[in-house]
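Q: structural data only, the sequence is not supplied:
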C-alpha cells in the first residue's frame, strides 16, 4: 500500500494525466476499483492524499459499493486528508458532505468554458478567469453547507467547490488524455445527441485535440500541485517537468 490512493469505478475512466504527474515525480500510488469491492479491507487510515475519478453511474444508483465509498470519503474528510474529485468523484464528495446530487435536464458534453466564481482560492491561482475543461455528465451536485463555490459553466452552474482547506470537487474531467477522449467518442458516441445545445459534435470535440489536451493538462497540474503540497509539502508539489 502507498500513501496516495486513487479510487476508480470503471476501466475506461482511468486516472489519466494524474497518473502521469505522479509517475513523473516518482510518487507511488495505489489504484482501487471500488465497483469491484477492492476498497474492502483497505486501511482507511493509511493514505495521505486521495483522488476520486469518474464513472458512468449515478451517486443515486442502488449499488452497495457506493455507500461504502461515501463512508470511506467521510472517514478521509474527518482525518483532514487532501481529496480531489473528478466528475462522479466530485459528486461522491458532495454526497459525503451531505449535499444532493441530481439529474440535469440535458447532458453536458465537450469542451465547455469554465468561469471562476472565487478569485482568491489557492486551488485556482494558476488559472485565468475563463478556461475550457472537457465535460461528459448528466448529473450535477448541489453545494454542501460551508462550501466555497469555485467554478461554473453555461450549462452547469456548480462546476467546482472547495470545502475546508483540503477538499476539491470538480464536475469536469481535467484528467483526460487524448487517448481517453478518443476512446470515449469511439465507444460511446451512440449516447450523444448533437441536437442538444449542451453537447458539442464529435468533429468539434476532436478539432485541435492535441493542443487542447496540452492546455488542459496545465489546468490539471495546478490542481494536482496544490493537492500534493497539502499532503506532502513543497517537494512533491513541483511541476512534473521540474518548473514552476
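A: Noted; the coordinates are in hand. Since the structure is predicted, the reported quantities are computational estimates derived from the model, not experimental observations.

Q: any weak-confidence spans in this protein?
A: Using pLDDT under 70 as the threshold, the predicted model of the chain has low-confidence ranges 1, 235-244.

Q: now do 50
A: Along the chain, the parts satisfying pLDDT under 50 run over 236-244.

Q: in it, which spans are strands?
A: Residue ranges of the strands in the chain, as given by DSSP state E, are 4-8, 30-33, 49-52, 83-86, 101-116, 130-141, 148-152, 160-163, 167-170.

Q: who's in contact with the last one?
A: Going back to what we said before, that points to strand 167-170. Contact with strand 167-170 is made by 77, 82-87, 89-91, 93-94, 97, 123, 133, 141, 150-151, 159-163, 223, 226-227, as judged by Cβ atoms under 8 Å, 6 or more residues apart in numbering. Where you see a C-beta, it was placed from the backbone N, CA and C, and this is true even at glycine.

Q: now the fourth one
A: Under the contact criterion Cβ under 8 Å, 6+ apart, strand 83-86 has outside partners 49-54, 73, 76-77, 91-93, 166-170, 172-175, 223-224, 227.

Q: could you do the second one as well?
A: Under the criterion Cβ under 8 Å, 6+ apart, residues 1-2, 4-11, 15, 19, 38-39, 42, 47 lie in contact with strand 30-33.

Q: quick check: of those, which has the highest neighbour count?
A: residue 7 (29 neighbours; other Cβ atoms under 10 Å).

Q: so that one bridges to which residues?
A: Judged by DSSP bridges, the bridge partners of residue 7 are residue 32, residue 52.

Q: right, and it touches residue 54 too?
A: No. In this structure residue 7 lies outside contact range of residue 54 using Cβ atoms under 8 Å: 10.5 Å.

Q: between these two, what contacts are shared?
A: Contact criterion Cβ under 8 Å, 6+ apart; residues shared by residue 7 and residue 54: residue 89.

Q: next, name the residue at the spatial heart of this protein.
A: Against the mean C-alpha coordinate of the chain, by Cα atoms, centre = their mean, the closest residue is residue 86 at 1.4 Å.

Q: distance check, that residue against residue 133.
A: Plainly put, residue 86 is 10 Å away from residue 133 if you go by Cβ to Cβ, to the nearest Å.

Q: anything in contact with each of the two?
A: Between them, residue 86 and residue 133 share the neighbouring residues 170, 172, 173, 174, with contact defined by Cβ under 8 Å, 6+ apart.

Q: can you add neighbour count and distance to residue 116 and give these back as CSV?
A: Formatted as CSV, these follow (neighbours: other Cβ atoms under 10 Å; distance: Cβ to Cβ, whole Å):
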residue, neighbour count, distance to residue 116
170, 27, 13
172, 27, 13
173, 25, 18
174, 25, 14
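
Q: looking at the residues you listed, which one is closest to residue 127?
A: Within these, distances to residue 127 taken as Cβ to Cβ reach their minimum at residue 174, with 10.6 Å.
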